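Asker: Sharing a model prediction with you, sequence too.
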Amino acid sequence: MTSTTDTAKHPRGLYVLFFTEMWERFSYYGMRAILFLFLIKSASEGAMGLSEQTGGAIYGLYTSSVYLLTLPGGWIADNILGQKKAIWWGGIVIMIGHILLAIPGSEAVFFLGLSTVAIGTGLLKPNISSIVGELYPEGGARRDAGFSIFYMGINLGSFLGMFIVGYLGEKVGWHYGFGAAAIAMFLGLVMFRLNGHHLDSLGEPPVEKGKFTFLYVVAAALVLIAVLLVSGVLDAISLAEVMKYVISGITILYFAYIGFFDSSLSVVERKRVGVLFIFFIAAALFWSGFEQAGSSLTIFADRHTDRVFGGWEMPASWFQNANSFFILLFSAPIGALWIYLNRKNLNPTIPVKFGLGLVQMGFGFFIMYWAAQYAVEGIAVGVGWLTFTYMFHTLGELCLSPVGLSTYTKLAPKKYYSQMMGLWFVAASLGNLIAGVFAGNFNEENVADMPSLFLQVCLFGVGLGLLLILFYKPLKSWMGGIK
């Protein structure tokens with residue numbers, strides 16, 4: 001049931017979720033825009049003064065944890081709270097985390113704040129996307145268009161967040177930027193509380209509560225990681241390396257259990273789970289390149305790009321806003337394009353859209369391969385190199401990310417609905433972790449290796465993208481008629 005009977009329009013609930021997510025993404029992307037710089041800038045600049053390798057590991061662990069925790073966040077909604085309460089309480093936890101980050105002078109409080117934001121985001125993020133999917137029970141191109149509109153809210157929030165928090169963090173004070181992120185999440189909570197009634201009966205708590213075994217396992221794992229870090233058995237760099245394999249292993253086991261061992265699923269549902277696993281791999285590779293925006297590409301902007309205009313130096317974090325600008329520019333036309341092509345029976349299949357997304361991400365890194373050649377020679381390049389890289393990454397994102405969100409809501413077995421949304425975000429978790437670890441290679445003594453590092457990402461992205469395009473027919477058949 002939606003808030004309007006006119007199926008030609010989008011339900012009012014979409015716009016409630018649009019603005020709630022906009023403010024949450026303001027807080028997340030705004031803080032993320034300055035996080036890596038805060039970690040690696042010197043103590044004399046008010047930052048933490050860590051090495052690129054350690055800073056990259058911490059950045060990767062944080063951003064990956066944000067998405068990895070969407071898996072228990074989806075489970076909590078499916079089995080205990082329901083989606084609406086999960087969004088509400090997740091937002092409160094996020095706000096508390098940003099308040100902790102805004103307190104200067106204590107590394108312990110800072111890392112506690114990072115952990116708190118990650119936990120809250122894991123609770124909020126998969127469930128707000130799940131309700132968007134439930135607003136369109138008929139599925140089809142209209143649901144894709146709805147997700148594209150929702151995606152505009154994400155990127156409007158990230159654009160404003162990176163612009164405001166980036167300026168405050170780099171030009172005024174790092175902790176002022178973190179404080180602005182807390183205010184944004186508060187505004188998102190107010191929006192959701194005042195307008196949540198437009199969601200009707202969607203996202204309510206389940207009638208029967210699930211068993212808590214899964215939560216006990218997650219809690220035990222978090223406690224074990226904390227003990228290993230505090231005791232010094234693991235540092236951030238080694239933990240990041242271990243977590244790459246842990247996340248991959250958890251994902252494989254989860255997909256294997258759902259696809260092979262749950263006898264309640266039909267053959268068609270099992271095949272769809274198999275397709276979702278392939279899309280997971282594609283998404284993880286895409287995000288491992290795309291999420292270089294906050295790590296290696298930010299280093300390139302800070303150290304190898306001419307950012308001075310009329311004597312004023314632009315904050316390096318502002319380059320990340322190119323992605324949000326291009327999203328706002330292209331998302332509505334591309335959403336309309338999918339609907340137009342669907343009417344003409346020319347809409348590309350989902351595997352082809354995924355493939356196009358990967359190819360365009362790879363091409364963006366081909367541009368950076370050439371820009372890095374100048375950096376090796378000690379030449380600061382113009383802003384156009386990063387700008388065009390972000391443009392191709394954005395076009396790739398629009399082919400893959402909103403379509404991927406919509407696809408997971410279409411193909412996921414009903415009993416695993418929010419958990420499968422969590423798995424979609426686990427792909428982003430793995431990609432973010434790889435992006436952070438990858439950025440550790442970009443220290444000032446390692447500039448000569450920069451072109452080959454960018455070229456590696458290009459080749460992997462283009463290669464897998466072409467494979468998806470070539471094998472779209474068998475993947476389409478496994479989807480069991482879902483478009």
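Answerer: Nice, thanks for sending it over.
Asker: ok, and the closest non-adjacent residue to Gly404?
Answerer: In this structure, Gly404 finds its nearest non-sequential neighbour in Ala283, 5.7 Å apart by Cβ to Cβ, 6 or more residues apart in numbering. For glycine as for every other residue, the C-beta is placed from the backbone atoms N, C-alpha and C.
Asker: Quick check: closest non-adjacent residue to Gln385.
Answerer: Careful, residue 385 is Trp and not Gln. Closest residue to Trp385 apart from its sequence neighbours, by Cβ to Cβ, 6+ apart: Ala371 at 3.9 Å.
Asker: With Gly382 instead?
Answerer: Spatially, and ignoring its direct neighbours in sequence, Gly382 is nearest to Asp306 (6.0 Å; Cβ to Cβ, 6+ apart).
Asker: repeat for Val165
Answerer: Computed as Cβ to Cβ, 6+ apart, the closest residue to Val165 that is not its neighbour in sequence is Gly30, at 3.1 Å.
Asker: Just to check, the residue nearest to Gly382 is in contact with Ala380?
Answerer: Yes - between Asp306 and Ala380 there is a contact under Cβ atoms under 8 Å: 4.3 Å.
Asker: and the strand or helix carrying Tyr390, which residues are buried?
Answerer: If you go by DSSP states H and E, Tyr390 is part of helix 383-411. Buried positions in helix 383-411, judged by neighbour count with 16 or more other Cβ atoms under 10 Å: 383, 385-386, 388-411.
Asker: And for stretch 124-140?
Answerer: Those would be 124-136, for stretch 124-140 by 16+ other Cβ under 10 Å.
Asker: Now the element after the least confident helix or strand in the chain by mean pLDDT, going C-ward?
Answerer: Here the helix or strand of the chain ranked lowest by mean pLDDT, DSSP states H and E is helix 213-231, holding a mean of 79. Sequence-wise, the next helix or strand downstream of helix 213-231 (DSSP H and E) is helix 236-256.
Asker: What angle do helix 213-231 and that next one make with each other?
Answerer: Counting by axes from the mean of the first three to the mean of the last three Cα atoms, to 10 degrees, helix 236-256 lies at 170 degrees to helix 213-231.
Asker: Output the below-cut-off pLDDT ranges for the stretch 351-483 of the chain.
Answerer: The model of the stretch 351-483 of the chain has pLDDT under 70 over residues 418.
Asker: Not counting sequence-adjacent ones, nearest residue to the spatially most central residue of the chain?
Answerer: Computing the C-alpha centroid of the chain and ranking residues by Cα atoms, centre = their mean puts Ala428 first, at 5.2 Å. In space, and not counting its chain neighbours, Ala428 is closest to Tyr67: 4.2 Å by Cβ to Cβ, 6+ apart.
Asker: can you pull the contacts of the one you found?
Answerer: By Cβ atoms under 8 Å, 6 or more residues apart in numbering, the contact set of Tyr67 is Gly122, Lys125, Phe425, Val426, Ala427, Ala428, Ser429, Asn432.
Asker: next one: Ala118
Answerer: Tyr62, Ser65, Val66, Leu69, Gly97.
Asker: Narrow those to those in helices?
Answerer: Tyr62, Ser65, Val66, Gly97 (DSSP state H).
Asker: Isn't the first one up against Leu35?
Answerer: Yes - contact between Tyr62 and Leu35 holds when scored by Cβ under 8 Å: they sit 7.1 Å apart.
Asker: out of those two, which sits in the busier spot?
Answerer: Leu35 (26 against 23; other Cβ atoms under 10 Å).
Asker: ok, now which ones touch that one?
Answerer: Neighbouring residues of Leu35 by Cβ under 8 Å, 6+ apart: Tyr59, Tyr62, Gly294.
Asker: Could you rerun that using 10 Å?
Answerer: Going by Cβ atoms under 10 Å, 6 or more residues apart in numbering, Leu35 touches 55, 58-59, 62-63, 101, 114, 165, 169, 174, 177-178, 294-295, 298, 317.
Asker: Tell me the one of the residues you listed nearest Phe354?
Answerer: When those are compared for distance to Phe354 (Cβ to Cβ), Thr63 wins out at 21.8 Å.
Asker: how many neighbours does that closest one have?
Answerer: Thr63: 28 surrounding residues under other Cβ under 10 Å.
Asker: right, and it touches Ala33 too?
Answerer: No - Thr63 is beyond contact range of Ala33, at 11.8 Å (criterion: Cβ atoms under 10 Å).
Asker: Mind listing the shared neighbours of those two?
Answerer: Gly294.
Asker: just to revisit the earlier point, a markdown table for the buried residues of stretch 124-140, including secondary structure?
Answerer: Below are those laid out as a markdown table (DSSP: H, G, I helix; E, B strand; the rest coil):
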| residue | secondary structure |
| --- | --- |
| Leu124 | helix |
| Lys125 | helix |
| Pro126 | helix |
| Asn127 | helix |
| Ile128 | helix |
| Ser129 | helix |
| Ser130 | helix |
| Ile131 | helix |
| Val132 | helix |
| Gly133 | helix |
| Glu134 | helix |
| Leu135 | coil |
| Tyr136 | coil |
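Asker: so which of these would you say is closest to Leu187?
Answerer: Within those, proximity to Leu187 (Cβ to Cβ) peaks at Leu124, which comes in at 14.3 Å.
Asker: which residue sits closest to the closest one in space, ignoring its chain neighbours?
Answerer: Gly90 (3.1 Å).
Asker: Quick check on the nearest residue to Ile80 once chain neighbours are set aside: phi, psi?
Answerer: Distances taken as Cβ to Cβ, 6+ apart place Lys209 nearest to Ile80, at 5.9 Å, with adjacent residues excluded. Main-chain torsions, Lys209, degrees, to the nearest 10: phi -80, psi 140.
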